[in-house]
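> structure, please.
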Amino acid sequence: MTDINSQIKDEILKKITDKKLPCAIAFKIAADNNTEAFVIGRLADELEIKLCKCQLGLFGYQPKEKPVKPAKDINRNSKDEIMKYVKEGRISCKNLWKAAKETDITKMGAANICEALNIKVVSCQLEAF
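Residues are numbered from 1 along each chain as shown. Predicted coordinates:
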């Protein structure tokens, strides 16, 4: 029987373009294989595949600049939900996703709020940062 990591590696290799794996695809592979996102990140690293197109807009958009920009209008409810998770000016990727879902805004919209409030996003779920 084939090792589950070998199966996942094969799936990753089928989904890449130019040795790059988009964040959303990595999360789909994780969900399809009932595993944590960091496993996909680690396996991609082993395969020397770069993660790209972060769903928060923080990395992987070369040669373009990252799409995250400071929000101009900040919904009070979204800000309050995000701030519940902020510690020492930082919020984890996972908690930012949770705050976005709770307030029905996009992940990128939540990242834009963090950018405007100078909140640093840390602990990528794929372990890219």
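> residue boundaries of the strands in the protein?
Counting by DSSP state E, the chain has strands at residues 20-22, 50-52, 90-92, 120-122.
> who does the first one touch, helix- and strand-wise?
Taking 3 or more C-beta pairs under 8 Å, 6 or more residues apart in numbering; DSSP states H and E as contact, the helices and strands that strand 20-22 lies on are strand 50-52. For glycine as for every other residue, the C-beta is placed from the backbone atoms N, C-alpha and C.
> tell me what the strand it packs on is packed against?
So strand 50-52, by 3+ C-beta pairs under 8 Å, 6+ apart, packs with strand 20-22, helix 23-32, helix 37-46.
> okay, these in a markdown table with mean neighbour count, distance to Asn77 and mean pLDDT next?
Shown next, in a markdown table, are these (neighbours: other C-beta atoms under 10 Å; distance: least, C-beta to C-beta, whole Å; pLDDT from 0 to 100):
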| stretch | mean neighbour count | distance to Asn77 | mean pLDDT |
| --- | --- | --- | --- |
| strand 20-22 | 19 | 29 | 97 |
| helix 23-32 | 18 | 25 | 98 |
| helix 37-46 | 19 | 27 | 97 |
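> nearest to Val68, of these?
Val68 lies closest to helix 23-32 among the helices and strands packed on strand 50-52, at 12.9 Å (C-beta to C-beta).
> now Ile113: closest residue in space, sequence neighbours ignored.
Nearest residue to Ile113 in three dimensions, chain neighbours excluded: Ala71, at 4.8 Å (C-beta to C-beta, 6 or more residues apart in numbering).
> helices along the chain, start to end?
Assigned by DSSP state H, the helices in the chain fall at 4-15, 23-32, 37-46, 76-83, 93-102, 107-116.
> which among the ones you listed is found nearest to Gly57?
helix 107-116 (4.9 Å).
> what does that closest one rub up against?
55-58, 67-72, 74-75, 78-79, 82, 91, 96-97, 99-100, 103, 105, 119-121 (C-beta atoms under 8 Å, 6 or more residues apart in numbering).
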